[in-house]
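> Sharing a model that was predicted from the sequence below.
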Amino acid sequence: MAGKITKTPQAKEDLLELADYIAQHNLEAALRFLEAAEIALGLLAGMPELGTLCRFESPQATGIRVWPIKGFESHLVFYRPTDQGIEVVRVIHGARDIASLFSDDDAD
(Lines give C-alpha, C1' and ligand atoms only; values in the text may rest on other atoms or scores of the structure.)
Protein backbone atom coordinates (compact mmCIF):
# COMPACT_ATOMS: atom_id res chain seq x y z
CA MET A 1 0.00 0.00 0.00
CA ALA A 2 1.42 3.35 -1.02
CA GLY A 3 1.70 5.99 1.66
CA LYS A 4 1.41 9.76 1.54
CA ILE A 5 4.41 11.79 0.36
CA THR A 6 4.79 15.22 1.93
CA LYS A 7 7.64 17.44 0.72
CA THR A 8 8.96 20.36 2.73
CA PRO A 9 9.34 23.62 0.78
CA GLN A 10 13.12 23.07 0.96
CA ALA A 11 12.81 19.57 -0.52
CA LYS A 12 10.70 20.92 -3.40
CA GLU A 13 13.31 23.60 -4.03
CA ASP A 14 16.11 21.01 -3.84
CA LEU A 15 14.45 18.85 -6.51
CA LEU A 16 13.95 21.82 -8.85
CA GLU A 17 17.51 23.07 -8.37
CA LEU A 18 19.01 19.63 -8.98
CA ALA A 19 16.89 19.10 -12.09
CA ASP A 20 17.81 22.56 -13.35
CA TYR A 21 21.51 21.88 -12.85
CA ILE A 22 21.29 18.51 -14.63
CA ALA A 23 19.24 20.11 -17.46
CA GLN A 24 22.05 22.58 -18.15
CA HIS A 25 24.05 19.60 -19.38
CA ASN A 26 21.33 17.19 -20.49
CA LEU A 27 17.59 17.89 -20.53
CA GLU A 28 16.65 14.23 -20.95
CA ALA A 29 18.79 13.29 -17.93
CA ALA A 30 17.01 15.96 -15.88
CA LEU A 31 13.64 14.47 -16.77
CA ARG A 32 14.94 10.98 -15.90
CA PHE A 33 16.21 12.36 -12.59
CA LEU A 34 12.79 13.79 -11.67
CA GLU A 35 11.09 10.53 -12.63
CA ALA A 36 13.62 8.46 -10.66
CA ALA A 37 13.16 10.76 -7.65
CA GLU A 38 9.38 10.31 -7.71
CA ILE A 39 9.79 6.53 -8.01
CA ALA A 40 12.15 6.56 -5.00
CA LEU A 41 9.70 8.64 -2.97
CA GLY A 42 6.85 6.29 -3.84
CA LEU A 43 8.93 3.31 -2.76
CA LEU A 44 9.83 4.99 0.53
CA ALA A 45 6.24 6.06 1.18
CA GLY A 46 5.20 2.41 0.96
CA MET A 47 8.14 1.17 3.06
CA PRO A 48 9.22 4.10 5.27
CA GLU A 49 11.75 2.10 7.28
CA LEU A 50 13.69 1.15 4.12
CA GLY A 51 16.27 3.93 4.34
CA THR A 52 19.24 4.08 6.68
CA LEU A 53 18.70 5.97 9.92
CA CYS A 54 20.96 9.04 10.12
CA ARG A 55 22.69 10.26 13.25
CA PHE A 56 22.94 14.04 13.38
CA GLU A 57 23.82 16.13 16.42
CA SER A 58 20.78 18.38 16.04
CA PRO A 59 17.73 17.17 17.96
CA GLN A 60 15.62 18.67 15.15
CA ALA A 61 17.09 16.07 12.79
CA THR A 62 16.04 13.10 14.91
CA GLY A 63 14.45 10.27 12.95
CA ILE A 64 15.76 11.34 9.55
CA ARG A 65 16.58 8.51 7.16
CA VAL A 66 18.49 8.55 3.87
CA TRP A 67 17.97 6.75 0.56
CA PRO A 68 19.81 7.10 -2.79
CA ILE A 69 17.87 7.78 -5.97
CA LYS A 70 18.25 4.79 -8.31
CA GLY A 71 20.24 5.75 -11.39
CA PHE A 72 21.39 8.93 -9.61
CA GLU A 73 22.94 7.34 -6.52
CA SER A 74 24.94 10.46 -5.63
CA HIS A 75 21.62 12.22 -5.03
CA LEU A 76 20.16 11.42 -1.64
CA VAL A 77 16.65 11.68 -0.22
CA PHE A 78 16.53 12.66 3.45
CA TYR A 79 13.13 11.92 4.95
CA ARG A 80 11.18 11.04 8.07
CA PRO A 81 8.62 8.26 8.32
CA THR A 82 5.17 9.54 9.32
CA ASP A 83 1.96 7.77 10.34
CA GLN A 84 0.68 8.10 6.76
CA GLY A 85 3.92 7.72 4.74
CA ILE A 86 6.95 10.02 4.59
CA GLU A 87 7.96 13.64 4.95
CA VAL A 88 10.76 14.51 2.51
CA VAL A 89 13.07 16.95 4.29
CA ARG A 90 15.88 17.43 1.73
CA VAL A 91 17.09 15.98 -1.59
CA ILE A 92 20.78 16.75 -1.99
CA HIS A 93 23.95 15.65 -3.72
CA GLY A 94 26.08 13.42 -1.50
CA ALA A 95 29.20 15.53 -2.09
CA ARG A 96 27.71 18.36 -0.02
CA ASP A 97 28.55 18.88 3.64
CA ILE A 98 25.52 16.96 4.87
CA ALA A 99 26.22 17.36 8.59
CA SER A 100 26.21 21.16 8.27
CA LEU A 101 22.89 21.07 6.41
CA PHE A 102 21.33 19.33 9.40
CA SER A 103 23.01 21.44 12.09
CA ASP A 104 20.98 23.24 14.76
CA ASP A 105 20.96 26.38 12.60
CA ASP A 106 19.67 24.75 9.40
CA ALA A 107 17.65 21.65 10.37
CA ASP A 108 14.00 21.57 9.27
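Everything's here; your move.
> Show me the strands in the protein, by range?
Assigned strands in the chain, in chain order: 4-7, 52-53, 65-69, 72-81, 85-93 (criterion: DSSP state E).
> between the ones you listed, which one is nearest to Leu16?
strand 85-93 (9.7 Å; C-beta to C-beta). Placement of C-beta: from N, CA and C, glycine included.
> The residue nearest in space to the middle of the chain bridge partners, please.
With distances taken as C-alpha atoms, centre = their mean, the residue of the chain nearest its centroid is Val77 (2.1 Å). Listed by DSSP bridges, the beta-bridge partners for Val77 are Trp67, Val91.
> can you give me the helices in this protein?
For the chain, the helices defined by DSSP state H cover 9-25, 27-46, 98-101.
> most tightly surrounded among those?
Greatest average neighbour count among these goes to helix 27-46 (a mean of 17), per mean count of other C-beta atoms under 10 Å.
> rewinding a little: wait, which of the helices of the chain is closest to Thr82?
Going by C-beta to C-beta, the one of the helices of the chain nearest Thr82 is helix 27-46, 9.2 Å.
> Averaged pLDDT, that closest one. What do you get?
Per-residue pLDDT values across helix 27-46 average out to 96.
> ok, back up a step: what's the closest of the strands of the chain to His25?
Closest to His25 of the strands of the chain is strand 72-81 (C-beta to C-beta; 13.0 Å).
> quick revisit: tell me which residues touch the residue nearest to the centre of the chain, please.
If you count contacts by C-beta atoms under 8 Å, 6 or more residues apart in numbering, Val77 has them with 37, 40-41, 44, 51, 66-69, 88, 90-91.
> Of the residues you listed, which is the nearest to Ser103?
Arg90 (12.6 Å).
> Might you report the residue contacts of the closest one?
Shown in contact with Arg90 (C-beta under 8 Å, 6+ apart): 8, 10-11, 14, 77-78, 101-102, 108.
> Spatially, what comes nearest to Arg65 if we skip its sequence neighbours?
Gly51 (3.5 Å; C-beta to C-beta, 6 or more residues apart in numbering).
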